[in-house]
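K.L.:
3D, please:
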Amino acid sequence: MAKKERDATLVYSTGIGRICPRCSRPEDGCLCRAAGAPPKGDGLVRVGRQTKGRKGSGVTVITGLPLGQAELGQLASTLKKRCGTGGTVKDGVIEIQGDHRDLLVDHLRALGWSVKKAGG
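P.N.:
All right, here's what the predicted structure looks like:
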C-alpha cells in the first residue's frame, strides 16, 4: 500500500515566524486578514466571563462574531457605550470590562444575532 500524503501546510518558519495557512504569507503580510475574511464558526455568538490572568477582575468575552476587524471595532464601541465601560478587541474577540453578560445577550439578540450565554 502506498502511503497517503497529508496536505502539508506550513504554519511556522524559524526565519519568518508564523505563516497564514490560507494564503501562505507571513502573518504580518497576510492577505486574508487584509481582506477582512471573517473567522468561521458554528453561527452562534457566545457571551462569557473570564477572570484568568486578570488578577480576579472579570471581563465579558464575546466570541463567534463573523465580522471583519473594522466591523468588530464598531460593534465593540457600541457595546462599550451600552454598558458604560471600557473594553477592547483582541484576535477577533470583543472584551468588555466587568460582568455584563445579561445586558449584552439581550442587546445582541435585538441586533439579530443568534446568541448563547457561555460558561457558568
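K.L.:
buried sites along the biggest helix by length in the chain?
P.N.:
Using DSSP state H, we find that the single longest helix of the chain is helix 69-83. By 16 or more other CB atoms under 10 Å, the buried positions in helix 69-83 come out as L72, L75, A76, L79, K80, C83. For every residue, glycine as well, the C-beta is placed using N, CA and C.
K.L.:
could you point out which element follows the helix or strand of the chain with the lowest mean pLDDT?
P.N.:
Lowest on mean pLDDT, DSSP states H and E among the helices and strands of the chain sits helix 31-34, with a mean of 62. Once the chain leaves helix 31-34, the next helix or strand it forms, by DSSP states H and E, is strand 45-50.
K.L.:
Go ahead and name everything in contact with the helix or strand following that next one.
P.N.:
Per DSSP H and E, the first helix or strand lying C-terminal to strand 45-50 is strand 59-63. With CB atoms under 8 Å, 6 or more residues apart in numbering as the test, strand 59-63 has contacts from 45-51, 79, 83, 87, 92-101, 104, 108, 118.
K.L.:
mind running it again at 6 Å?
P.N.:
By CB atoms under 6 Å, 6 or more residues apart in numbering, the surrounding residues in contact with strand 59-63 are R46, V47, G48, R49, Q50, V93, I94, E95, I96, Q97, H100, R101.
K.L.:
In JSON lines, list these along with pLDDT.
P.N.:
Shown next, in JSON lines, are the contacts of strand 59-63 (pLDDT from 0 to 100):
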{"residue": "R46", "pLDDT": "92"}
{"residue": "V47", "pLDDT": "93"}
{"residue": "G48", "pLDDT": "91"}
{"residue": "R49", "pLDDT": "90"}
{"residue": "Q50", "pLDDT": "87"}
{"residue": "V93", "pLDDT": "90"}
{"residue": "I94", "pLDDT": "93"}
{"residue": "E95", "pLDDT": "93"}
{"residue": "I96", "pLDDT": "93"}
{"residue": "Q97", "pLDDT": "91"}
{"residue": "H100", "pLDDT": "91"}
{"residue": "R101", "pLDDT": "91"}
